[in-house]
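**Student:** for reference, the sequence and a predicted model appear below.
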Amino acid sequence: MTLYNVPNKHYFRLHHPRPRFKNDIENVLIYIASEIAAIGKKPIKDFIGDLDFSIKKYPGNLSKKQKTINNWRTEIDALFSFIVQEGDYLKPSNRAIELATNQDLVKFFKLFCYHFQYPGGFLKPHINLEYLKNGINFRPCSYILGMLSEAEENDGVRAGISKSEATHCIFNDLRVTRDGRPSKETWKLIIKNRQKDLDYDWTGDVVRYAGDILDYMVQANLLVKRPNNKYYINQVESIAIRRFLNPTKDLFDYYEKISDISLLTLEEVKELDAEWVTYFNTERDEGFFDTDIIALVADTSTQYQELKSIIDLDRVIAEGGLSSTGSIGSIGESLILNHEKKRIVQEGRPDLEHLIKLIPTMYAIGYDINSREIDETHRNIEVKTTSSSTPLAFMRFHLTPNEWSAAESHKDRYFVYRLMVTKGSLKLFTIQDPVGNYKNGNLSAIPRNGMDIIFDPKKCGKEETLLI
């Protein structure tokens, strides 16, 4: 079989740091973001020492050599910009704090994909200098989404792309990454190669970088990977995808900051890279890329509409004064409100259903839902939702000072409903009286503008079936 190769004069291989924990990336990112947020702002040496200790504590790392721990730290810092330097101090970045607090991995990966570009501050300065001198200026996720969207619109059928096609027809071709070849021309090339039955070099080291980006787009719920090993646009994420296709005007452009590339120095690149890290951590509006949990659970547009009709979002918005129908918090609270109403009916007290209410956000009383037991006593519920494209170890969550105080006041009337939302799956775990469990040694709580909670399902709480 004949191999397709990028013509030599157009070949330039793109690459980026690859975390050695990629196969466990969701669990690692949640853990590390939480640890970095807990460390806070400290002198550089102290911050690094605390972070190394945290990395060492991650399951499987206890016996790892310091070199491996150093590699973890530098890869996390380089690729995900979890750490920001401020003079002689290091501190958590916006993205790290957001992820630690909200535990919305799908939103995190959307933001990651939205900001990711070549050149970028995740690369070493001498490599970025090489990229800049070669004119590389490429935002891969927007390009891929634009190409697949246009192909589907023009052809009227689902359009998918493989890692090898992305590698050889997009990522390693200067006609795309430097010259901005229209995506429709790239799609024509891919179809032409298929018609000619051309093959590609599938070697792992060759396709891994384009493959990483495609996988990150799956973790962002922008793409879905099918059994044929091709990646397709996730039709139920149309709102988020439109944002990629019509980005805001704050995109980072190295070239507009450079007067003469031929005279560009390594020190100047380092300064630009530091600006890029700041850009990567741009503060966004609360609703920017909120995760639509229904879109994450649903596999098709039909299933999306069915699930959306079951969960009465308009009612929840009206009752709770919520501002975003797609946010992880809004949908999580909606699911639990629906669950509680069905629970009380199943337990034989339908007369109490109307008393189960979502607490308006403005009241800030330390929990989300006021529910009832069958004996008519109150059950005060704080909903903590995590979203991810794959199942996680979800034994961590954060309680604000107000929530911790409410838990201390209400004791066994206070419940945390830990909701884990993954692709096609909803998992619910309930913890009654978290403060009491902390005092009894059944869970740990680390002060950080409230409490970071770590619990062991064998010691406290129970898994329940979410009623829909």
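**Tutor:** Nice, thanks for sending it over.
**Student:** which parts of the stretch 351-468 of the chain are strands?
**Tutor:** All strands of the stretch 351-468 of the chain, identified by DSSP state E, counting those that start in this stretch, fall at 357-358, 369-372, 378-387, 396-399, 414-422, 425-432, 443-447, 451-455, 462-464.
**Student:** deepest-packed of those strands, please.
**Tutor:** strand 414-422 (a mean of 24; mean count of other Cβ atoms under 10 Å). Where you see a C-beta, it was placed from the backbone N, CA and C, and this is true even at glycine.
**Student:** helices or strands up against it?
**Tutor:** On a contact count with 3 or more Cβ pairs under 8 Å, 6 or more residues apart in numbering; DSSP states H and E, strand 414-422 meets helix 293-297, helix 328-346, strand 378-387, strand 396-399, helix 401-410, strand 425-432, helix 434-439.
**Student:** those: lowest mean pLDDT?
**Tutor:** Mean pLDDT per stretch puts helix 293-297 lowest among the helices and strands packed on strand 414-422, at a mean of 77.
**Student:** quick one: name whatever helix or strand follows it.
**Tutor:** helix 301-310 (DSSP states H and E).
**Student:** tell me which residues in that next one are buried?
**Tutor:** Neighbour counts using 16 or more other Cβ atoms under 10 Å place 304, 307, 308 of helix 301-310 among the buried residues.
**Student:** if I look at the last one, how far off is residue 259?
**Tutor:** Residue 308 is 52 Å from residue 259, where distance means Cβ to Cβ, to the nearest Å.
**Student:** what does the first one give?
**Tutor:** From residue 304 over to residue 259 the distance is 49 Å, taken as Cβ to Cβ.
**Student:** same check on the second one?
**Tutor:** Taking Cβ to Cβ as the measure, residue 307 falls 54 Å from residue 259.
**Student:** ok, residue 442 - contacts?
**Tutor:** Residue 442 sits next to 455, 456, 459, 460 when contact means Cβ atoms under 8 Å, 6 or more residues apart in numbering.
**Student:** which one of those residues sits closest to residue 290?
**Tutor:** residue 455 (26.4 Å; Cβ to Cβ).
**Student:** and the closest residue to that closest one other than its chain neighbours, what pLDDT?
**Tutor:** Nearest residue to residue 455 in three dimensions, chain neighbours excluded: residue 443, at 4.0 Å (Cβ to Cβ, 6 or more residues apart in numbering). For residue 443, the pLDDT comes out at 94.
**Student:** enumerate every residue touching residue 443.
**Tutor:** Listed by Cβ under 8 Å, 6+ apart, the contact partners of residue 443 are 431, 434, 437, 453, 454, 455, 456, 459, 460.
**Student:** if we go to 10 Å?
**Tutor:** By Cβ atoms under 10 Å, 6 or more residues apart in numbering, residue 443 lies in contact with 395, 416, 431, 434-437, 451, 453-456, 459-461.
**Student:** for residue 205, same thing?
**Tutor:** Contacts of residue 205 by Cβ under 10 Å, 6+ apart are residue 15.
**Student:** can you classify it by secondary structure?
**Tutor:** helix (DSSP: H, G, I helix; E, B strand; the rest coil).
**Student:** now the buried residues of helix 301-310 as JSON lines including distance to residue 249 and pLDDT?
**Tutor:** Listed next are the buried residues of helix 301-310 as JSON lines, based on distance: Cβ to Cβ, whole Å; pLDDT from 0 to 100:
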{"residue": "304", "distance to residue 249": "31", "pLDDT": "78"}
{"residue": "307", "distance to residue 249": "35", "pLDDT": "75"}
{"residue": "308", "distance to residue 249": "32", "pLDDT": "74"}
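**Student:** ok, those residues vs residue 215, which is closest?
**Tutor:** For those, the nearest to residue 215 is residue 304 (22.9 Å; Cβ to Cβ).
**Student:** ok, the closest one to residue 294 distance?
**Tutor:** When residue 304 is compared with residue 294 (using Cβ to Cβ), they lie 6 Å apart.
**Student:** return every residue with contacts to both of those two.
**Tutor:** Common neighbours of residue 304 and residue 294 (criterion: Cβ under 10 Å, 6+ apart): residue 236.
**Student:** mind putting the buried residues of helix 301-310 in JSON lines, distance to residue 170 included?
**Tutor:** Converted to JSON lines, these look like this (distance: Cβ to Cβ, whole Å):
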{"residue": "304", "distance to residue 170": "29"}
{"residue": "307", "distance to residue 170": "34"}
{"residue": "308", "distance to residue 170": "34"}
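**Student:** which one of those residues is nearest to residue 9?
**Tutor:** residue 304 (46.1 Å).
**Student:** residues touching the closest one, list them.
**Tutor:** For residue 304, counting by Cβ under 10 Å, 6+ apart, the contacting residues are 235, 236, 237, 292, 294, 295, 296, 297, 298.
**Student:** with adjacent residues omitted, what lies nearest to the second one?
**Tutor:** So that's residue 236. Nearest residue to residue 236 in three dimensions, chain neighbours excluded: residue 295, at 4.2 Å (Cβ to Cβ, 6+ apart).
**Student:** who's in contact with the one you found?
**Tutor:** Taking Cβ under 10 Å, 6+ apart, one finds 106, 221, 234-240, 301, 304, 307-308, 326, 331 in contact with residue 295.
**Student:** go with 7 Å
**Tutor:** The contact partners of residue 295, by Cβ atoms under 7 Å, 6 or more residues apart in numbering, come to 221, 236, 237, 304.
**Student:** roughly how far apart are residue 382 and residue 425?
**Tutor:** Using Cβ to Cβ, residue 382 is found at 22 Å from residue 425.
**Student:** my error: substitute residue 298 in the last question.
**Tutor:** Distance of residue 298 to residue 425, given as Cβ to Cβ: 11 Å.
**Student:** ok, now residue 268?
**Tutor:** 48 Å.
**Student:** in the stretch 151-300 of the chain, what spans have low per-residue confidence?
**Tutor:** 286 (pLDDT under 70).
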